[in-house]
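Visitor: Just to be clear, the model below is a prediction. Sequence and coordinates:
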Amino acid sequence: MTIAPEMKELTRNIASSRQDRMKRIGEIREEVKGTRIETQDMIHSFEDSRQETSRQLRKDLARDKTSRTSEVKGILREAQNTLKGCKTSRKKASAQLRKDLSGGQTERKSEVIKMLEGTQELIKGFRTSRQNGSNELRKDLSRSRARARSEVGKLLGNARSLIKDLQVSRKEVGNKLRRDLSQSTANVASDVKQMQSIFRKAQEDVRADLQEARAAWQGLASTMPADRGGVKTPLKAKAPAAKEDPPDLETKMLAAIGEYPAGGMTLADLANTLGVAPVVLGKASRNLLEKGKIHKKNKLYFPADGEKEADTRFRFRRNVR
């Protein structure tokens, strides 16, 4: 009977699968930790770039303000020079007017009035140009501020969208990890329950066979006469001999395994196929293994010529898990 070795092998498989899951969980944790560190570094870099952009914008605004101020000062200097020239010319005109008053007061007055009107128009033109220059300077400053604000808003929007995408990806990775862990736990639990049910069934079959053998032995012993005095005495029941496999059981088992060379079959699958208890196949499976007619990989039995296919199938299953 191969119940004890199979139970030991089942325990080793459960322990190894748990170690693999713990190792995979550790690797996933390291990956999540690295992703979190990269995200924090990226956020810090975005903050540094935003600060650098703000400093550059302040420098540009200060530079533009300085240039506009210098232009306005130049315009004011030119206006002052022009006014000085006008005053000088007015003084000269006044002196010339006093000199020429004796010749023609009416003509001189009209000329002086025209000159004063021209001077006033020139002063008005300078005032208008100065106001226009100031308005243009204010408009340029407001446009540069609006442009700087729009660029800063775009940078902030891109940073927020990137952070949202990182949060969504982190949530998806966490949900996927939880689903994979729950699915693997459910699969292991279902496999353990299935093995326990198979073990209980085999145990019940063995007990039933032992009870039948014990009843038959006791009935036979009760009918046998004693050697002394012809008194019928019940004999002590001896343990029944191990039930030998039928001669054709190995042949049937070898044929059933040969039908599935790629996927392999467990002992429970062979028992269901042949219609016998899994315990009955223990001796036949050991004989076939010793003769080299079949090959065993973990819990699966394969034909001797299908060993390479079995190894390939086993590696594929481990990679999928």
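Guide: Arrived safely, thanks for sending. Residues are numbered from 1 along each chain as shown.
Visitor: only C-alpha atoms for contact and neighbour calcs from this point on.
Guide: Will do.
Visitor: Can you find the helix or strand in this structure with the smallest mean pLDDT?
Guide: Ranked by mean pLDDT, DSSP states H and E, the weakest helix or strand in the chain is helix 307-320, scoring a mean of 46.
Visitor: can you give me the helices for the protein?
Guide: Remark: helices assigned in the chain by DSSP state H are 3-100, 105-223, 249-258, 267-274, 281-291, 307-320.
Visitor: Can you lay out these as JSON lines showing distance to L300 and mean neighbour count?
Guide: Shown next, in JSON lines, are these (distance: least, CA to CA, whole Å; neighbours: other CA atoms under 10 Å):
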{"stretch": "helix 3-100", "distance to L300": "11", "mean neighbour count": "14"}
{"stretch": "helix 105-223", "distance to L300": "14", "mean neighbour count": "14"}
{"stretch": "helix 249-258", "distance to L300": "10", "mean neighbour count": "17"}
{"stretch": "helix 267-274", "distance to L300": "8", "mean neighbour count": "16"}
{"stretch": "helix 281-291", "distance to L300": "11", "mean neighbour count": "17"}
{"stretch": "helix 307-320", "distance to L300": "9", "mean neighbour count": "12"}
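Visitor: so where's the stretch 101-250 of the chain shaky on pLDDT?
Guide: The stretch 101-250 of the chain contains residues with pLDDT under 70 at 101-105, 108, 212, 215-216, 218-247.
Visitor: go again using 80 as the cut-off
Guide: The stretch 101-250 of the chain contains residues with pLDDT under 80 at 101-112, 182-185, 187-189, 191-192, 195-197, 199-248.
Visitor: Quick check: N298 vs S67, distance?
Guide: Per CA to CA, to the nearest Å, N298 is found 84 Å from S67.
Visitor: can you check R149 too?
Guide: From R149 over to S67 (counting by CA to CA), the distance is 21 Å.
Visitor: Same check on E38?
Guide: From E38 across to S67, the span is 43 Å (CA to CA).
Visitor: Check E31 too.
Guide: When CA to CA is applied, the distance between E31 and S67 equals 53 Å.
Visitor: likewise R127?
Guide: For R127, the distance to S67 - CA to CA - is 21 Å.
Visitor: E47 now?
Guide: In terms of CA to CA, E47 sits 30 Å off from S67.
Visitor: got it, and N135?
Guide: Applying CA to CA, the value for N135 to S67 is 15 Å.
Visitor: Equivalent analysis for E136, please.
Guide: According to CA to CA, E136 and S67 sit 13 Å apart.
Visitor: And R12, by the same measure?
Guide: 82 Å.
Visitor: again, but for T106
Guide: 50 Å.
Visitor: what's the answer for T128, then?
Guide: Per CA to CA, T128 is found 21 Å from S67.
Visitor: just D191 next, same as before
Guide: D191 is 81 Å from S67, by CA to CA.
Visitor: cool, and I123?
Guide: Distance of I123 to S67, given as CA to CA: 25 Å.
Visitor: How about R24?
Guide: 64 Å.
Visitor: Contact partners for S16?
Guide: With contacts defined as CA atoms under 8 Å, 6 or more residues apart in numbering, S16 has no neighbours.
Visitor: can we see that at 10 Å?
Guide: L10, M22 (CA atoms under 10 Å, 6 or more residues apart in numbering).
Visitor: Give me the pLDDT for it.
Guide: Predicted confidence (pLDDT) for S16: 80.
Visitor: Could you do I37 as well?
Guide: Looking at I37, its pLDDT stands at 90.
Visitor: From K201, how far out is it?
Guide: Taken as CA to CA, the span from I37 to K201 is 54 Å.
Visitor: again with D248
Guide: Distance from D248 to K201, by CA to CA: 24 Å.
Visitor: Then N272?
Guide: For N272, the distance to K201 - CA to CA - is 12 Å.
Visitor: Tell me which residues are up against stretch 22-34.
Guide: 16-21, 35-40, 170, 173-174, 177, 181.
Visitor: Can you show me the CA trace of it as CSV?
Guide: What follows is stretch 22-34, C-alpha atoms only, in CSV (Å, rounded to 0.1, in the frame of the first residue of the first chain):
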residue,chain,number,x,y,z
MET,A,22,5.7,33.4,-0.2
LYS,A,23,8.7,34.0,-2.4
ARG,A,24,6.4,35.4,-5.2
ILE,A,25,4.7,37.6,-2.6
GLY,A,26,8.0,39.0,-1.5
GLU,A,27,9.0,39.7,-5.1
ILE,A,28,5.8,41.5,-5.7
ARG,A,29,6.2,43.6,-2.5
GLU,A,30,9.7,44.6,-3.7
GLU,A,31,8.3,45.6,-7.1
VAL,A,32,5.5,47.7,-5.5
LYS,A,33,8.1,49.3,-3.1
GLY,A,34,10.4,50.1,-6.1
